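In: Here's my sequence, what's the structure:
(chains A and B)
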Amino acid sequence: MEFTEPVSLSVLLAIVPEIGLTILALIVLTIDMTTPEERRGGIGLVAAVGVAVILVANLLLGGPRASDLEGQLVLGGMLRHDTLALIFRTMVLLAGALTCLISVGLEKVGRQGEYYVIILVATLGMSLMSAAADLIMVYLGLETTSISLYVLAGFIRDDERSSESGLKYFLFGAFTSSIMLYGLSLLYGFAGQTNIYALAGPLAERLSEGAQGTFALILSLVLIIVGFGFKVAAVPFHFWTPDVYQGAPTPITAFISTASKAASFALLLRVFLAVFPSAMQPQWTALVAAMAAATMTLGNVLALPQRNIKRLLAYSSIAQAGYALIGVVAISDLGAAAVTFYMFMYVLTNIGAFTVIVLFSRATGSEDIADYAGLSRRSPYLALALVVALLSLAGIPPLAGFMGKFYLFSAAVQANMVWLAIVGVLNAIVALYYYLTVIKIMYVDSSDDDSPIQVPRAHAFTLVVTSVGVLLMGTIPSVPWFEWAVTAASGLGLPGVMN
Amino acid sequence: MTIPFMTIILATPMVAAIIMLAFMKNEQPTPIKVLSAIATGISLAASIYVYVSYDVASAGFQFEEFAPWVPQLGVGYHLGVDGISAPMALLTGLASFTGVLISWGIDDRPREFFAFFMLLVAGVYGVFLALDLFLLFFFYELAIFPMYVLIATWGWKVTRVYASMKLTLYILVGSVIALVGVIAMVLVAEPAIGKLSFDVVDLMEARDAGAFDVPVMGAVTFARAWFPFIFLGFGVLAGVFPFHNWSPDGHVAAPSAVSMIHAGVLMKMGAYAALRVGVQMLPQGAATHLPWMVFLTLINVVYGSMIAMVQRDFKYVIGFSSVSHMGLVSMGFATQNLQGMTGAGMQMFSHGVMTALFFASVGMVYDRAHTRDIPSLGGMWTKMPTVAFAFIVGGLTSMGMPGLSGFVAELPILIGVWRAGSTIAPYYAVIAILAATGIVVTAAYVLRIVQLVFFGEFDESKFHDVGDVTALDKTALAILVAFLFLIGIFPALMAPMVASGMAPIVQVLGGA
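Out: As a prediction, this is how the structure comes out:
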C-alpha cells in the first residue's frame, strides 16, 4: 500500500494518544533529569494527570470520522481509525493513568522518572495495538509494549523476585513473539498482503486450492495463536503469569494484567475475526473454543490452592481471559461487543483490586492472603473496595462483571454453543469460591494488629474511580457503555445479529 | 403522576444501605438501627398498600413500571405484581421489618451488618417484583452475596464458614444453569415475537405462539429439554430434594434475622422463580416432568419431618421443618390444578411468616440460654412467656390447626394432590395419603419441642441469668402472630388473590 494520503489534520487526529504520549514522555524525562530525587515526589502525578488529559483529548478529538469503513484506514493502512480503536485506547490510557497514580509514593519506583517514562512508552505501544490494521503495525505495537513491560517487571533490580519476573517474562515473550512473527510471515507469504482488512480475500483463494492450502493456513493460525495466547495469558501459554505477576512491582502487575491484556484482545478481535473465520471457520472455532474452556477451567482450578494474593489474582486473570475468549469464539456482533465491554470492566476492576494490594503490602509488607484477616475491622473502606473488585470479577450483581458475563454467555448461547456457556457459568462458581474465601478472611477472621492501613489521597482517588466505575457499569448506566461496545463491534464487519 | 410504588419498595433499602456505608459510623449504632427500621418500615408500608389496593377482579399484572435498560438484548426495568407476587412482597416486608426489630442487639460492626441486610432485602424484593427475567436474575444473585457475608461473619461460630459457603455455592450452581436456560429461552422465542426480549409478558406471548414447543434434540421439544434444569435450578433454593442439603446448615448457622429472611423468604424466592420461569413459561415441560418430580417433593415432606423429629439442636428442628414444609409448596405446583397451586401460594406466605416466627423465637431463647440443646433446655415458659406463646402459635400453624394460616394453605394442597389422582395419574392419591402422614409427624416434633423446651422443669442453677425478651422483640413476635391468625381466620383476604395469579398458569397447563 502506498503512502498516498497527505498528512492532514484528520490523520493527526487518528494518532492523538501517540502524539500526546510521546510529548508527555519527553516532559517526564526532562523533569527527571532536571530535578533532584528528593524533590521528585510529584513526578508520578505529572505522568498520571498527563495521561488523563490525553485520555480526555482523545475522547473529544480522536473519535472516528464518518462511518465510511474504507476511509478509516489511515497512514497508508497502518492504523484503523474506528470506534473499536477509540474504546480500547480509552481502556489502556485509563489503565496507564491509574498505574502511574498508584505508583506515587511507592518505595523504589515512586520517584524514578524512567519508571514512568517506560510506562508511557508501553501505553503508547498498546495504543498502537488497539488501532493496528497492518501486520507490520501489529508486530511493532506488540514489541513496543512487550519490551517496555519486560523492563518494568524487572524494574526493582535488587529484588530477586522482580529480576526473576523480568527475565522470565522476557524469555517467554521473546520466544512466543518470534513464533508469532513466523506465523505472520506465513500469512504474508500466502496472501501477498500485510493489511489485515485485505487478507481475507487472497486467503480464501488459497484455501480453495485444496488441502495443502488449508494445512498451511492452519499452521499459520496456530503460530499466531501462540503469540496472542501468550499476551492474554491463555492456556497453554500461561505459565509465565503467576511468577511474573508475583515478582513484578505491584502497580506493574496491575498494568500487565489489565492494559496489556486489553490491548491484546483488541488485536485478537481484529486479526482473528477479520482474517480467519470467513475462510476457515470450523477449525478456528474448535481451536479457540477449546482454548477458552481450558483457560477458564485451569485458571480457576489452579487459583484455588493459592496462598499469595498476587498469585491468586494471576490465576484469576488467566480465567478471566478464558471468559473473554468466549466472546471471540462466538464470531458475532454481540460476541465482539461483549469482549469489549468485558475488557473495560476488567481493566477497572483489576486495577481496583491491585490498588488495595499495593496499599496493604506497603503497610504490612505482606502478600499472604491469610494476613488480610480482620481488614474489615482495620480499614472498612479498603475491605469494601476489595470486596467490590472481587465480586465484580466473580460476576455478582450489581457490579460490572455480572453484566459482562451475561453478555458473554448470551453470545455463546446465541452462537449455539450452550456447552461453552455451561462451562463458563460453572467456572464462575468455582471462581466464586476463592473470591469468597478472601472476603471471608477479611470479614470473619481476626488479626492481632488492629491499626488502620494508611491510604494516601492518590490511591483513595483510584479506589473511588474504580469502585464507582464498576458499580455504574453494572447498573443502569451500563447501557451507554454497551452501546459503545456494540458500535465498536459493528465496525468489524461481522454477521449482524442484534436488533 | 402515579407514585412508583414498586421502585419505592425496592430502592428504599438500597438507599439506606448506601447512606449507612457512606455516612454512618460503627461507634454510633443507634442511628443505623433506626434507619434500618425506617427503611424496612417504608417498604413494608408500601407493600401493604400494594397488597390492599391490588384489584383481584381484574387480576393480571398491576402497578407496572417500565424503563428500557439494555434495549439491544431486550432487557428492561419492568416491575409489577400479580396475585402471586403481591403476597410475597408483603411477606418480605414483614420478615425484614421484624428482622430488624429483633436484631437490635447486634454490636459487632452494626453498620456492615445492617447495610448487607438492607441489600439482601432489596434483592429479595427485586425477585418478587421483577417482570423481566434478566432483572429477576439480577436480584436473585444480588441477594446471595449479602447472605454469604451475613452468615459467615455474624453467624453461629461453629459452622458459619462451612455453612455459608455451602449455601452460596449450592444456590448459585442452580441459578446459573437456570440462567443459561433463560438465555436459551429468549433466543428461541425471538422468531415468534420478532425481537429479543427478557420481558415476562413478551415471553408469555412467545409461549402462546408455540415458540417453546420446537424440537431441539431429536423429538424432544425445547420446553421438555430445559424444564428440569430451570425448575430444579431454582428448586435448589426452594430446598427440593435432593438439593436441600444446604438449607438446614444454612438456617442454623445464620444469625436470627438472617435465618428469618433466609428460611422465611429466600426459599420462597426459589419456589417463586421456579414457578414463574419454569412452570409458567414452559407448561409443556411442566406437564411432562412434574408427575415424576412429585416424588421428590414427597420425600421432602416425609423425610424432612422425620429428620426434624430426631434432632437434638432446637434450630435444626426448625431447619428441617422448613425442608418439609417447602416440599408441600413444590407438591402444590406438581398438582397442576387450581386448588393445589393456590394452596402452594398460600403455603409460601404462611410458611414464611411461621418460619420467621420460629427462628425469631429460637434466636431469643438461644441468646439468653446460650444453648440450643433440646434435652438441657426446659421450663422457658416461666421466664419468657411471650416467646413460648409465639412459638406455640407457630407450632400449631405448622401442624395445620384450623384458625391459623397453615390450615388454609395445606388443606387445599392435599385436596389438590388427591384430585390430581384422577386427572394426572392414580399414584397422586397415594402421595396425598403419605404426605398427610408427614403432617402427623410434624405435630409430633412440634409438641416434643414445646414440651421439652418451654414446659418441664426450669433449671435455675444453669439458667439463672435468663430473663424476658425486650419490648421490640415482643412487637416483632406480635406482628408475625397477628398475620398467622389473620390469614387463618379470614383466608378470603388472600386466597382469591393467589387464585387469580395461579389461574392463568393452570390454564396454560391445561388443567382447571
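In: Residue B:184 versus the residue of chain B found nearest chain A, what's the distance?
Out: Nearest residue of chain B to chain A, counting by Cβ to the nearest Cβ: residue B:176, 3.7 Å away. Quick note: C-beta positions are derived from backbone N, CA and C, even for glycine. Residue B:176 sits 13 Å away from residue B:184, going by Cβ to Cβ, to the nearest Å.
In: out of these two, which sits in the busier spot?
Out: Shown here are residue B:176 and residue B:184; by other Cβ atoms under 10 Å in any protein chain shown, residue B:176 has more neighbours (25 against 22).
In: shaky segments in the stretch 251-400 of chain A?
Out: A:276-280 (pLDDT under 70).
In: Show me which residues of it are close to chain B?
Out: A:334, A:376, A:377, A:380, A:384, A:391, A:396, A:397, A:398 (Cβ under 8 Å from any Cβ of the partner chain).
In: Would you mind pulling up the elements that the helix or strand hosting the first one packs against?
Out: It refers to residue A:334. Of the helices and strands defined by DSSP states H and E, residue A:334 is found in helix A:333-364. Applying 3 or more Cβ pairs under 8 Å, 6 or more residues apart in numbering or on different chains; DSSP states H and E, one finds that helix A:333-364 makes contact with helix A:83-103, helix A:250-255, helix A:261-275, helix A:309-329, helix A:380-394, helix A:400-414, helix A:457-474, helix A:478-490.
In: now it: how far from the chain's centre is it?
Out: 9 Å (Cα atoms, centre = their mean, to the nearest Å).
In: quick check: angle from it to helix A:83-103?
Out: Put simply, helix A:333-364 runs at 10 degrees to helix A:83-103, going by axes from the mean of the first three to the mean of the last three Cα atoms, to 10 degrees.
In: circling back: now mean neighbour count too, for the helices and strands packed on helix A:333-364, in JSON lines please.
Out: Shown next, in JSON lines, are the helices and strands packed on helix A:333-364 (neighbours: other Cβ atoms under 10 Å in any protein chain shown):
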{"stretch": "helix A:83-103", "mean neighbour count": "27"}
{"stretch": "helix A:250-255", "mean neighbour count": "28"}
{"stretch": "helix A:261-275", "mean neighbour count": "25"}
{"stretch": "helix A:309-329", "mean neighbour count": "27"}
{"stretch": "helix A:380-394", "mean neighbour count": "25"}
{"stretch": "helix A:400-414", "mean neighbour count": "28"}
{"stretch": "helix A:457-474", "mean neighbour count": "20"}
{"stretch": "helix A:478-490", "mean neighbour count": "21"}
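In: Among those, which comes closest to residue B:418?
Out: Residue B:418 lies closest to helix A:400-414 among these, at 41.1 Å (Cβ to Cβ).
In: Mind checking what helix or strand follows the closest one in sequence?
Out: Following helix A:400-414 in sequence order, the next helix or strand is helix A:418-443 (DSSP H and E).
In: Next one: residue B:159, what pLDDT does it get?
Out: Note for residue B:159: predicted pLDDT of 83.
In: What helix or strand is residue A:110 located in?
Out: Using DSSP H and E, residue A:110 falls outside every helix and strand.
In: and it, how many neighbours?
Out: Residues within reach of residue A:110, counting by other Cβ under 10 Å, total 18.
In: Can you name the residues that contact it?
Out: In this structure, residue A:110 makes contact with A:41, A:44, A:103, A:104, judged by Cβ atoms under 8 Å, 6 or more residues apart in numbering or on different chains.
In: please redo it, this time with the cut-off set to 10 Å
Out: Applying Cβ atoms under 10 Å, 6 or more residues apart in numbering or on different chains to residue A:110 gives the contacts A:40, A:41, A:43, A:44, A:102, A:103, A:104, A:116, A:249, A:251.
In: Ok, residue B:428 next?
Out: Applying Cβ under 10 Å, 6+ apart, we find residue B:428 in contact with B:291, B:294, B:331, B:334-336, B:340, B:416-422.
In: Nearest to residue B:188 among those?
Out: Nearest member of those to residue B:188, counting by Cβ to Cβ, is residue B:336, at 23.0 Å.
In: Please look at the closest one and residue B:510 and confirm they touch.
Out: Yes - between residue B:336 and residue B:510 there is a contact under Cβ atoms under 10 Å: 7.9 Å.
In: Find residues that contact each of these two.
Out: Counting by Cβ under 10 Å, 6+ apart, the shared contacts of residue B:336 and residue B:510 are B:283, B:287, B:423.
In: Between those residues, identify the one with the most neighbours.
Out: residue B:283 leads the shared contacts of residue B:336 and residue B:510 on contacts (other Cβ under 10 Å) with 24 neighbours.
In: since we're on the residue in the stretch 351-499 of chain A that chain B sits nearest to, how many residues are nearby?
Out: Nearest to chain B, among the residues of the stretch 351-499 of chain A, is residue A:425, at 3.7 Å (Cβ to the nearest Cβ). Residue A:425: 21 surrounding residues under other Cβ under 10 Å.
In: farthest pair in the residues of the stretch 251-400 of chain A next to chain B?
Out: Greatest spatial distance among these (Cβ to Cβ): A:334 and A:377, at 43.8 Å.
In: So between these two, which is more surrounded?
Out: When neighbours are counted by other Cβ under 10 Å, residue A:334 and residue A:377 differ, and residue A:334 comes out ahead with 28 against 18.
In: Find the nearest non-adjacent residue to the more buried one, please.
Out: In space, and not counting its chain neighbours, residue A:334 is closest to residue A:411: 4.5 Å by Cβ to Cβ, 6 or more residues apart in numbering or on different chains.
In: Then residue A:109?
Out: Once flanking residues are discounted, residue A:109 sits nearest to residue A:115: 4.9 Å by Cβ to Cβ, 6+ apart.
In: Restricting to C-alpha, output the helix or strand containing that neighbour in PDB.
Out: Element membership of residue A:115 [criterion: DSSP H and E] is helix A:113-131. This file holds the C-alpha atoms of helix A:113-131, laid out as PDB (Å, rounded to 0.1, in the frame of the first residue of the first chain):
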ATOM      1  CA  GLY A 113      11.400   9.300  36.200                       C
ATOM      2  CA  GLU A 114      12.400   6.500  33.900                       C
ATOM      3  CA  TYR A 115       9.900   4.200  35.500                       C
ATOM      4  CA  TYR A 116       7.100   6.500  34.400                       C
ATOM      5  CA  VAL A 117       8.600   7.100  31.000                       C
ATOM      6  CA  ILE A 118       8.700   3.300  30.300                       C
ATOM      7  CA  ILE A 119       5.000   3.100  31.400                       C
ATOM      8  CA  LEU A 120       4.200   5.800  29.000                       C
ATOM      9  CA  VAL A 121       6.000   4.100  26.200                       C
ATOM     10  CA  ALA A 122       4.300   0.800  27.000                       C
ATOM     11  CA  THR A 123       1.000   2.700  26.900                       C
ATOM     12  CA  LEU A 124       2.000   4.100  23.500                       C
ATOM     13  CA  GLY A 125       2.600   0.600  22.200                       C
ATOM     14  CA  MET A 126      -0.800  -0.600  23.500                       C
ATOM     15  CA  SER A 127      -2.500   2.400  21.900                       C
ATOM     16  CA  LEU A 128      -0.900   1.300  18.600                       C
ATOM     17  CA  MET A 129      -2.000  -2.300  19.200                       C
ATOM     18  CA  SER A 130      -5.600  -1.100  19.700                       C
ATOM     19  CA  ALA A 131      -5.700   0.500  16.300                       C
END
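In: Perfect, that will be all.
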